[in-house]
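In: Could you look at this predicted model? Sequence included:
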Amino acid sequence: MGIVSSLNPETSVPVGLSDSRSASRKIAAGIFKSALHPTPHTLEVPFGPMPANDSGIAMNLSTDNQTSPSLINSSALTWTWQGWQICYQAQGNTGPAVVLVHGFGASWGHWRKNIPALATSCRVYAIDLIGFGGSAKPTPGAEISYTFETWSQQIADFCREVVGGSAFLVGNSIGCVAVMQAAVSYPDIALGIISINCSLRLLHDRKRSEMPAYKSLGAAIAQKVLSIKWISQLFFKQLATRKTVRKILLEAYQRPEAVSDELIDIILAPASDPNAVDVFVAFISYSQGPLPEDLLPILPCPALLLWGTDDPWEPIALGRELAEFPAVEKFIPLEGLGHCPHDEAPELVNPIVQEWVLERWAG
């Protein structure tokens, strides 16, 4: 029995259920067009903030992009939001606040190469969106709706209750849409937006309505099939393997040396959490809500767009179209990089982020 299993709007790949491992690899690239960011898992004991540098918030652009051993091996902080435990990381005690927001299937660990460098001149926070990483995973529908409106409220409340005020919001992939929605819905919390390879949400209902029927139908059928619980559980089990995750990451990253065992461990850790499969299915079935082109025209703060030129999932040609909106101050292509430039080449991304934030904070 064959099913149309690819959610990539460019392809529809019939595969047999008996060949589940091969199916997982073929399906994954389409399903994770906006995804695959590393996630730590069991996080309990907070660690202290990194000491400030002598120059305070001066333009001291750090070039130390190595992951701090105490950072990735330490446990993170928790914050209770609407009765749910939310995991986050924090470092730095001076300068403007910067809140880092991961993409689908990820958490603060995807920023492990950025937090120490940015914390030399900023107060840096990296939050796990509810449903991901070390944060609670309430039952979709019955207990919570996994939408950008939900995540934007979480981000806004985090800024008010944990950060203590407004912040520069930095996102990768769907995290970009989440921070844009937060800025639009709660303008008091956003000083500026930095978007790194923003998800274009190519499987959105409005985008699919513009596709040829055979492409749109393939994605719709795949979403419907994966809504069947035993099928989604089988698929998720086959997807959550080191071999499959490595293969997908090697597609997303253009520097293969960045696809480390540590990265794979971070991604796989939350896969065994209760409701992890249900959250996965809920999000890949979420084809409504805002698009970046809906939010950028009404963004109440300046934005910087960064884009890996070799992103296989979010084409830079479409990304450049987002730069036409007035709120976007600058569009910076990052040559030869893929979907996650901040993790693939932190030595390039960290100084850009740091400089843009500090210039606006000082101005």
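Out: Right, received. Where do you want to start?
In: Strands along the stretch 101-250 of the chain, start to end?
Out: 123-127, 167-173, 190-198 (DSSP state E, counting those that start in this stretch).
In: Most tightly packed of those?
Out: Compared across the strands of the stretch 101-250 of the chain, strand 167-173 shows the largest average neighbour count, a mean of 29 (mean count of other C-beta atoms under 10 Å). (C-beta placed from N, C-alpha, C; glycine too.)
In: just checking, what packs against the helix ranked longest in the chain?
Out: Longest helix of the chain, by residue count under DSSP state H: helix 346-362. For helix 346-362, the helices and strands in contact under the criterion 3 or more C-beta pairs under 8 Å, 6 or more residues apart in numbering; DSSP states H and E are helix 115-118, strand 167-173, strand 190-198, strand 303-308, strand 328-334, helix 341-344.
In: Now mean pLDDT and distance to residue 75 too, for the ones you listed, in a markdown table please.
Out: Formatted as a markdown table, the helices and strands packed on helix 346-362 follow (pLDDT from 0 to 100; distance: least, C-beta to C-beta, whole Å):
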| stretch | mean pLDDT | distance to residue 75 |
| --- | --- | --- |
| helix 115-118 | 98 | 14 |
| strand 167-173 | 98 | 23 |
| strand 190-198 | 98 | 26 |
| strand 303-308 | 98 | 30 |
| strand 328-334 | 98 | 32 |
| helix 341-344 | 98 | 21 |
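In: Setting aside sequence neighbours, what's the nearest residue to residue 157?
Out: Distances taken as C-beta to C-beta, 6 or more residues apart in numbering place residue 81 nearest to residue 157, at 6.1 Å, with adjacent residues excluded.
In: Hmm, that neighbour is touching residue 151, no?
Out: No: Residue 81 lies out of contact with residue 151 (C-beta atoms under 8 Å); the separation is 11.0 Å.
In: Which one's more surrounded, the two?
Out: The neighbour comparison of residue 81 against residue 151 (other C-beta atoms under 10 Å) goes to residue 151, with 23 against 18.
In: re the thing from before, okay, and the beta partners of the residue nearest to residue 157?
Out: Per DSSP bridges, the residues bridged to residue 81 are residue 84.
In: Distance-wise, check it relative to residue 331.
Out: 33 Å (C-beta to C-beta, to the nearest Å).
In: what do you get for residue 316?
Out: 9 Å.
In: before we move on, what about residue 253?
Out: Separation of residue 253 from residue 331 (C-beta to C-beta): 22 Å.
In: With neighbour numbers in mind, choose between these two.
Out: More neighbours surround residue 253 than the other of residue 253 and residue 331, with 24 against 18 (other C-beta under 10 Å).
In: Just want the phi and psi numbers for that one.
Out: Backbone torsions of residue 253, given as degrees, to the nearest 10, read phi -100, psi 140.
In: same deal with residue 240?
Out: Residue torsions, per degrees, to the nearest 10, at residue 240 are phi -80, psi 60.
In: In contact with it: list those residues for me.
Out: 268, 271 (C-beta atoms under 8 Å, 6 or more residues apart in numbering).
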